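Visitor: sequence plus predicted model, see below.
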Amino acid sequence: VAHQVMIILKQMTEYQRKDPENSPIKPNTKSYTMTLDAFAIVAGHKATSCLRSGSEEDCQDPTKNGLQEIKAIQDLLAYMHKLHESGGLDYAMPNTVTYNVLITAWARVSGALHPDAPLEAEKVLRKMISLREDVHFAVAPDADSYTKVILAWTNLGRDTAGKRAQFWLNKLYEEYEMTNDDRLRPTVGAYNAVIKAWSKLGRPENAEMLLVDLIQNEKSENIPLLKANSESFSVVIYAWLNMDANELADCTQFGERCRRAAKWLNELIWREENGYSVSSTPDLFDNLLKTATKCKNPDPDILDFSISILEQYRASRHRVGSYAYVYLLQIGFNTLGTAEYDDTRFDFLEQLFHNCCDDGLLSNVFVRELANGPVYYDGWTRSESARVVKEFFPHWPLPREWYRNLSHEYYVPTYEDSKRRQFEIRLRHQPEQSTA
């Protein structure tokens, strides 16, 4: 695509050369910028393809790893400067947008393949700042210039990325305060890019602080039009839900992180219901429940929390997915598997089953989890599983209204789903062996 765009640009240049004064067709700044943008897009695609292929040879080849396209952008940008300096052609003069395209190109290829890309993006921004100081205001950086540099660090995802992304956001804020130039007004896009950088590094507390800053700015209006959007909330929620093995094993820490995620989901829902320009998504509810299934040492508080999330999901404007019930069923077994919870467990299963059927979301996955999931040495045993399955599904086929809202016929439960074929036993509930 970039090659075809370049051909068109050359054709426009030829028309201009034949009749420099009167040609109705001649490339201008926009023509060059669109060509630069085409190369930037191709550079990003090539870098991504190289990483997916895993070919070391391709990753080192500039014609395949995106660097050839970035070189083309640099050369064309230099040519624009040459045209302007030699002939004073204002209609083809480089401007802020053309330089931003080069920064964007570095951001697109930033990552494991090109770990120096963020530094190259910084060089471009520093050059723009230097040119501005030399009174070349046409190429003065704007908020988007800073945002693209931040994205380059965010895409890199290494240890220094969060600090460097935060540095450039702070720099943008300082520039705006000093100049009061609307072109340098920090945007929610810049904030979200830094939030993502901290999220990728497993630093949800840092991501959350930026969301708090956005909310406080709404009240103070220190920076006009700067408000948290749906993405701001979503990234922070996912940041709290992204846990490593140690955090999954620590019940207290696990519960706290889930609650922090739920706190921001509740804030997002409240804003959605009260006229703010934000919206929640079903994935936020599903991922909260899915994360709760991973807790290595669950307790009843985690189950109560998960039940409340599903109730919120059902009360929301979203159509609940069948997997939400499966996740809550798994959480219930993780929490209430032993004999001490026999009565509580059955009440929980009965209520969950009835709600699932009332919503028309009884799936084969739910039935399999109930009939064929892991069992314990006591409490939720194979025999207890078989008894409950028999009580819940005494006759087959099941009533259609129980599964009327499933997204696909593939998920419709059949009698085969109610048969036990796996016999995994959770050893942590195995009774101690007698030493007598």
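Guide: Happy to help now that I have it.
Visitor: list the buried residues in stretch 220-235.
Guide: I223, L226, K227, A228, N229, S230, E231, S232, F233, S234, V235 (16 or more other C-beta atoms under 10 Å). For glycine as for every other residue, the C-beta is placed from the backbone atoms N, C-alpha and C.
Visitor: stretch 116-130 now?
Guide: Buried, per 16+ other C-beta under 10 Å, within stretch 116-130: A117, P118, E120, A121, E122, V124, L125, M128, I129.
Visitor: now swap in stretch 59-71 and tell me
Guide: C59, K64, N65, G66, L67, Q68, E69, I70.
Visitor: try stretch 87-103
Guide: 89, 92-103.
Visitor: ranges for the helices of the stretch 251-400 of the chain?
Guide: 251-273, 282-292, 300-315, 322-336, 342-358, 364-372, 382-392 (DSSP state H, counting those that start in this stretch).
Visitor: quick one: closest of these to N170.
Guide: Taking C-beta to C-beta, helix 251-273 is the member of those nearest to N170, at 23.2 Å.
Visitor: contacts for that closest one?
Guide: 204, 208, 211, 230, 233-234, 236-238, 240-241, 243, 247-248, 278-280, 284-285, 288, 291-292, 295-299, 301-302, 305, 309, 312, 316 (C-beta atoms under 8 Å, 6 or more residues apart in numbering).
Visitor: hey, which helix or strand in this structure has the poorest pLDDT?
Guide: In the chain, no helix or strand scores lower on mean pLDDT, DSSP states H and E than helix 245-249, which sits at a mean of 75.
Visitor: export only the CA atoms of that one, formatted as PDB.
Guide: Extracted in PDB, the C-alpha atoms of helix 245-249 (Å, rounded to 0.1, in the frame of the first residue of the first chain):
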ATOM      1  CA  ALA A 245       0.800 -16.800  41.200                       C
ATOM      2  CA  ASN A 246       1.700 -15.400  44.600                       C
ATOM      3  CA  GLU A 247      -1.200 -13.000  44.600                       C
ATOM      4  CA  LEU A 248      -3.600 -15.700  43.500                       C
ATOM      5  CA  ALA A 249      -2.400 -17.800  46.500                       C
END
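Visitor: helices or strands up against that helix?
Guide: Using 3 or more C-beta pairs under 8 Å, 6 or more residues apart in numbering; DSSP states H and E as the contact test, the elements touching helix 245-249 are helix 251-273.
Visitor: show the average pLDDT along the helix it packs on.
Guide: What helix 251-273 shows for mean pLDDT is 92.
Visitor: next: stretch 396-403.
Guide: Mean pLDDT, stretch 396-403: 97.
Visitor: buried set for it?
Guide: For stretch 396-403, the neighbour count (16+ other C-beta under 10 Å) marks L398, W402, Y403 as buried.
Visitor: and the gap between L398 and R404?
Guide: To R404, L398 is 11 Å away according to C-beta to C-beta, to the nearest Å.
Visitor: and R421, which of the three is it?
Guide: Here R421 is coil, with the state taken from DSSP: H, G, I helix; E, B strand; the rest coil.
Visitor: how many residues are close by it?
Guide: 8 (other C-beta atoms under 10 Å).
Visitor: just to revisit the earlier point, pLDDT check: weakest of the buried residues of stretch 87-103?
Guide: L89 (66).
Visitor: buried ones in the top helix by length along the chain?
Guide: In the chain, taking DSSP state H as the definition, the longest helix is helix 29-53. Neighbour-count burial for helix 29-53, with 16+ other C-beta under 10 Å as criterion, is recorded at 29, 31-33, 35-47, 50.
Visitor: reformat the helices of the stretch 251-400 of the chain as JSON lines; add mean neighbour count and distance to Y411.
Guide: Output for those, formatted as JSON lines (neighbours: other C-beta atoms under 10 Å; distance: least, C-beta to C-beta, whole Å):
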{"stretch": "helix 251-273", "mean neighbour count": "17", "distance to Y411": "26"}
{"stretch": "helix 282-292", "mean neighbour count": "20", "distance to Y411": "15"}
{"stretch": "helix 300-315", "mean neighbour count": "17", "distance to Y411": "18"}
{"stretch": "helix 322-336", "mean neighbour count": "22", "distance to Y411": "6"}
{"stretch": "helix 342-358", "mean neighbour count": "16", "distance to Y411": "12"}
{"stretch": "helix 364-372", "mean neighbour count": "20", "distance to Y411": "6"}
{"stretch": "helix 382-392", "mean neighbour count": "15", "distance to Y411": "17"}
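Visitor: between those helices, which one is closest to D144.
Guide: Smallest distance to D144 across the helices of the stretch 251-400 of the chain (C-beta to C-beta): 26.1 Å, for helix 251-273.
Visitor: angle of that closest one against helix 300-315?
Guide: 20 degrees (axes from the mean of the first three to the mean of the last three C-alpha atoms, to 10 degrees).
Visitor: and stretch 7-25, average pLDDT?
Guide: Stretch 7-25 comes out at a mean pLDDT of 83.
Visitor: check stretch 47-56 too.
Guide: Averaging pLDDT along stretch 47-56 gives 90.
Visitor: what does it rub up against?
Guide: Against stretch 47-56 from outside (C-beta under 8 Å, 6+ apart): D58, C59, K64, N65, G66, R108, V109, G111, A112, L113, H114.
Visitor: between all of those residues, which two are separated the most?
Guide: Longest span within the contacts of stretch 47-56, C-beta to C-beta: D58 and R108, 17.0 Å.
Visitor: re earlier: any chance of CSV for the buried residues of stretch 87-103, columns secondary structure?
Guide: Listed next are these as CSV, based on three-state DSSP:
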residue, secondary structure
L89, coil
A92, helix
M93, coil
P94, coil
N95, coil
T96, helix
V97, helix
T98, helix
Y99, helix
N100, helix
V101, helix
L102, helix
I103, helix
